[in-house]
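J.: How does the following fold in three dimensions:
(2 chains)
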Protein chains: 2
Amino acid sequence: MKIIKGGICAVEGVLAAGSCENDYGVAVIVCEKSTASAVFTSNKVVAAPVIITKEAVKDGKLSAIVANSGNANCFTGNKGLENGRSMAYKVAYKLKLNVKDVAVSSTGVIGRELPMNIINNLIDNTVDNLENSIQASANAAKAIMTTDTFSKEFAIETKLKNGKKIRIGGICKGSGMIAPNMGTMLAFITTDINATSQELENALKKAVNSTFNMVVVDGDESTNDTVVIMANGKSNTSIDENFQEALEYVCSKLAKMLAKDGEGATKYMEVEVKGTSTNKDAQNAAKAVVSSSLVKTALFGADLNWGRIVAAVGYSGIEMDEKIISISLKSKKHSVKIVELGVVNAFEGTQELLDAENIMKEKDIKIIINIGLGNCKATAYGCDLSYDYIKINAEYTT
Amino acid sequence: MKIIKGGICAVEGVLAAGSCENDYGVAVIVCEKSTASAVFTSNKVVAAPVIITKEAVKDGKLSAIVANSGNANCFTGNKGLENGRSMAYKVAYKLKLNVKDVAVSSTGVIGRELPMNIINNLIDNTVDNLENSIQASANAAKAIMTTDTFSKEFAIETKLKNGKKIRIGGICKGSGMIAPNMGTMLAFITTDINATSQELENALKKAVNSTFNMVVVDGDESTNDTVVIMANGKSNTSIDENFQEALEYVCSKLAKMLAKDGEGATKYMEVEVKGTSTNKDAQNAAKAVVSSSLVKTALFGADLNWGRIVAAVGYSGIEMDEKIISISLKSKKHSVKIVELGVVNAFEGTQELLDAENIMKEKDIKIIINIGLGNCKATAYGCDLSYDYIKINAEYTT
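T.: Prediction:
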């Protein structure tokens, strides 16, 4: 597997562009005659663009995506559906595509009508600049940002088992309201694999489950989350296990970027839970720890209050026995076991305590929890909870 | 129902005392020969005092409670059980009580051994000062505080249906790590009702479910939560519906104090969800809104980002239809319907928007959500998320 440049445009035949005006941005991605699949928010309040894209992708085909930032077009009734459909129509008309093959995504404030004059101008400008280039993917990634502090793209090239090379590229956005099941995050993935929409759906669901769905920033889940994959078949080779592995790798890289860019984040945290009897238990415990406000503030304050980790595992509801639990902290340089089989190693006066305190001061911290009961494991991705999270969210719409 | 002074000591025959030394405090409550019941944390990591008190209350009888703050005596293995039991033994020995009738509670840092020299001194001092007085209840309430900014007590006198008067008094602590199912909160309730332990258990479970279990500060759940009720029977009158109502009133008053004293809280929030088809749906939606970091930061910033309320209801998983939802905001002085049957009232240029923005600036805010599907309802209690929450929790153990 080779990391390459170009994001979504690393894939042959993909065109992209993005433009911004004040608080609004529009990105357009064209990947003509693709098979496609998508995963959406499980929030019962569903934004208009989610409804439109669900319809569009139902037949397993897409040719383009138009996405805007600055307004979620959610809780906007029939007017919202009308506005979302007109975005798809405008792109389809300009590019001579079937409007049924254009997906729509929106992210931003909930409950306000889309300013269609601004959005229409941005769509015109964006479509006029479509191209296949590194810059084009970067512009698209930038146009969908809201409170993100950096744009997020990633691409790889890998060999399938038959020796043929395929590529996968992706862009995504999201930094607050990211929770189990993808709070306000949008991700668009392109590939040149030759796959049926059913094959893509299986591959995407599996990949999203262990990556995007394991990112927690604040526990809120958005009304607009969407992950779309489009496969244009230009590699002339079919899906296999190597493709699955590569897709999960791309999704995990994008997911980690989301966690690192959590609103106000000063530190990145990975929580690996292993030794559970079920995968679900490992996922639930890892998410509970990564979501805990007390663990997150301890991380921010570089305060080794590891009891909060134990407490979070305890209330996650998983099968466990505190007498056989082990907990390690790891940074890029150091590693220390603070609890081993239920016994505390890192107490007053030990080297373990000093080491653990030093790890807590670093920027990139991994917490490894061994439940000691089985062979299942899962990893969750998150960040600390800082003063800036509150600053960003206390002043968002004003 | 009449509000009276004296907290737990408002009840005849109850003795109390509390003393503090540096970061530690000890409270002792004596309510001899009581029937008793208790509700505990559902966290799978359970502190030693919870294990001890579960054993003590198993026969439905208690005579005293000894509680300490500053150390949770949790994740402390056999040594923790030994230390907790020695606290009960010391109180029993000094007061000539059966050690099986003494409950133990602890709150504070997890994973550190209890400093028994300090705790023993505090127990000696506290037991020597036991009395039935307004000051004694106040001292006990103060001794169990951790990051609480004010001590919490409440008492009432009410007439039962047979015309006889009974009293109920309570003290409690807790301000962070308060979540669904009572994160780090301790509450001790005394009453002169004459009840079997089974009657007390039914009454307490019902009352806790709609009060303490509906308080959310940060979503973390503690390893030490305990609510104990002791009934000494001195009123010579049996339990009836009026007692249940009075008990729920006392618990709701104490629960609101917990929410108002949420760590770093600058504002108090009540969320009432009505019109659901089940009670569970009403509880889940109310808790989702009151727990949402985005709603909490919007409250802190006086930012009318009501879309976050809709989103939280949506991800709570309840049965709902966004087309018939209504949302009102209420303060002590004002009230405004911002969404009515799925249609936004409070948009740019309306009086409703100005009114709603003004309510958001107040200190005491009620959010009322009508789902419009049924006749069930529930209320959750919470607070905003401020810079101080992070300050308090980023520097807790250091």
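J.: When you work out contacts or count neighbours from here on, use the C-alpha atoms and nothing else.
T.: Noted.
J.: hang on, A:Leu341 packs against A:Ser328?
T.: No - contact criterion Cα atoms under 8 Å: A:Leu341 and A:Ser328 do not qualify, at 11.3 Å.
J.: So what are the structural domains in chain A, by residue number?
T.: Annotated domains of chain A cover A:2-259, A:268-394 [automatic domain parsing].
J.: Make CSV out of those and add mean neighbour count, mean pLDDT and distance to chain B.
T.: What follows is the domains of chain A, written out as CSV (neighbours: other Cα atoms under 10 Å in any protein chain shown; pLDDT from 0 to 100; distance: least, Cα to the nearest Cα, whole Å):
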stretch, mean neighbour count, mean pLDDT, distance to chain B
domain A:2-259, 22, 92, 4
domain A:268-394, 22, 90, 4
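J.: need those domains in JSON lines with distance to B:Lys33, can you?
T.: Formatted as JSON lines, these follow (distance: least, Cα to Cα, whole Å):
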{"stretch": "domain A:2-259", "distance to B:Lys33": "46"}
{"stretch": "domain A:268-394", "distance to B:Lys33": "34"}
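J.: and the helix or strand containing A:Ser252, what does it pack onto?
T.: Using DSSP states H and E, A:Ser252 sits in helix A:241-260. Contact partners of helix A:241-260 among helices and strands, from 3 or more Cα pairs under 8 Å, 6 or more residues apart in numbering or on different chains; DSSP states H and E: strand A:152-159, strand A:165-173, helix A:197-210, strand A:268-276, strand A:376-383.
J.: So for B:Ile369, which of the domains of chain A sits nearest?
T.: B:Ile369 lies closest to domain A:2-259 among those, at 14.3 Å (Cα to Cα).
J.: May I have the distance across that closest one, first residue to last?
T.: 23 Å (Cα to Cα, to the nearest Å).
J.: Please enumerate the helices of the stretch 251-398 of chain A.
T.: Using DSSP state H, counting those that start in this stretch, the helices found in the stretch 251-398 of chain A span residues A:279-291, A:293-300, A:307-315, A:351-360, A:387-394.
J.: got the angle between the last one and helix B:293-300?
T.: The one in question is helix A:387-394. 80 degrees (axes from the mean of the first three to the mean of the last three Cα atoms, to 10 degrees).
J.: Show me what helix A:387-394 is in contact with.
T.: A:263-265, B:294, B:297-303, B:385-387, B:390 (Cα atoms under 8 Å, 6 or more residues apart in numbering or on different chains).
J.: Find the pair from the residues you listed with maximum spatial separation.
T.: Farthest pair in those, by Cα to Cα: A:Ala265 and B:Ala302, 22.5 Å.
J.: A:Ala141 should be in a helix, yeah?
T.: Yes - counting by DSSP: H, G, I helix; E, B strand; the rest coil, A:Ala141 is found in a helix.
J.: Correct me if wrong: it contacts A:Gly169.
T.: No - A:Ala141 lies out of contact with A:Gly169 (Cα under 8 Å); the separation is 11.7 Å.
J.: Check the contact lists of those two and give me the overlap.
T.: A:Glu153.
J.: can you give me the helices for the stretch 1-150 of chain A?
T.: A:48-57, A:77-95, A:116-128, A:134-143.
J.: Tabulate these in JSON lines, adding columns for distance to A:Ser69.
T.: Output for the helices of the stretch 1-150 of chain A, formatted as JSON lines (distance: least, Cα to Cα, whole Å):
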{"stretch": "helix A:48-57", "distance to A:Ser69": "12"}
{"stretch": "helix A:77-95", "distance to A:Ser69": "13"}
{"stretch": "helix A:116-128", "distance to A:Ser69": "10"}
{"stretch": "helix A:134-143", "distance to A:Ser69": "7"}
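J.: among the ones you listed, which is nearest A:Ile3?
T.: Here helix A:134-143 is closest among the helices of the stretch 1-150 of chain A (Cα to Cα), at 13.7 Å.
J.: the inter-axis angle of the closest one versus strand A:152-159?
T.: Going by the same axes, to 10 degrees, helix A:134-143 makes 130 degrees with strand A:152-159.
J.: so what secondary structure elements neighbour helix A:134-143?
T.: strand A:15-21, strand A:24-40, strand A:152-159, strand A:165-173.
J.: now for the shortest one, which elements pack on it?
T.: Using 3+ Cα pairs under 8 Å, 6+ apart, the elements in contact with strand A:15-21 are strand A:24-40, helix A:116-128, helix A:134-143.
J.: looking at the helices and strands packed on helix A:241-260, which is closest to A:Asn117?
T.: A:Asn117 lies closest, by Cα to Cα, to one member of those: strand A:165-173, at 23.8 Å.
J.: Which helix or strand lies directly C-terminal to the closest one?
T.: strand A:186-191.
J.: how far away is A:Glu58 from A:Lys280?
T.: Not quite, residue A:58 is Lys, not Glu. Taken as Cα to Cα, the span from A:Lys58 to A:Lys280 is 29 Å.
J.: One more: A:Tyr387?
T.: For A:Tyr387, the distance to A:Lys280 (Cα to Cα) stands at 32 Å.
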